[in-house]
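*Asks:* The amino acid sequence is not available; the structure is as follows:
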DNA sequence: ATCCCGAGGG
DNA sequence: CCCTCTGGAT
């Protein structure tokens, strides 16, 4: 659906209303970056592709106890890794990819996670979304990581009509104050997961509906 | 556009 | 049972 014509000023005001509604709706959503262990964050983020965050969170403690860093993971075979990530699904492919990732990390960067977005994206299994998450949560580089949830909501709310994650992120970052980016990202993910779902959005139960050009009655 | 090749949920 | 799941590579 096409978004209605709207001036920049009106759009920004609407974004502000949306932010306010999200604050009320998700008071527990993250507001600050976590500064996690770069390697473990990278692995967890790669694992989250086509997987539920819940399954990833349950699997990672044991995985990192056994393979705490790139060196340990690079020395493993995919078969050794599989048992630790079985419950995540697609585990065969993921185990292969994870070991390949660790080996590249070890060969090209001495086992460290590079802080550069282009370098991160050159790693196997790492695309724009994963690179953005890692730069943010591991190194404190601000940026809205646009995943399928965020992309869908940004477009439904007519906060962006762009198609690529990069462009959508640009639009969102222009609409919300930088110190709210972390919250906006997390809140949109939660909302996309539970209310504004891909298939049948629950517009009737959505507090954002008054500000949403795409709402269904 | 399609594959990946599975667990968990509605 | 069918479908989804915080993607990335081809």
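*Replies:* Looks like it arrived, so ask away. Everything numeric here is computed off the predicted structure, so don't read it as measured data.
*Asks:* Please, which helix or strand holds the residue nearest to residue A:176 when sequence neighbours are not counted?
*Replies:* For residue A:176, ignoring the flanking residues on the chain, the nearest one in space by CB to CB, 6 or more residues apart in numbering is residue A:184 at 5.1 Å. (Each C-beta comes from the backbone N, C-alpha and C, glycine too.) Taking DSSP states H and E as the criterion, residue A:184 maps to helix A:181-194.
*Asks:* so does that helix get close to DNA strand B?
*Replies:* No: shown here: helix A:181-194 not in contact with DNA strand B (CB under 7 Å from any atom of the strand), separated by at least 9.4 Å.
*Asks:* May I see the buried residues of stretch A:42-53?
*Replies:* Judged by neighbour count (16 or more other CB atoms under 10 Å), stretch A:42-53 contains these buried residues: A:42, A:43, A:44, A:45, A:46, A:47, A:48, A:49, A:51.
*Asks:* next one: stretch A:176-191
*Replies:* So for stretch A:176-191, counting by 16+ other CB under 10 Å, buried means A:176, A:181, A:182, A:183, A:184, A:185, A:186, A:187, A:188, A:189, A:190, A:191.
*Asks:* Residue A:141: what secondary structure?
*Replies:* Put simply, residue A:141 is coil when judged by DSSP: H, G, I helix; E, B strand; the rest coil.
*Asks:* quick one: contacts for the nearest residue in space to it that is not next to it in sequence?
*Replies:* Using CB to CB, 6+ apart and skipping the chain neighbours, the partner closest in space to residue A:141 is residue A:135 (4.0 Å). Applying CB atoms under 8 Å, 6 or more residues apart in numbering to residue A:135 gives the contacts A:115, A:117, A:120, A:141, A:143.
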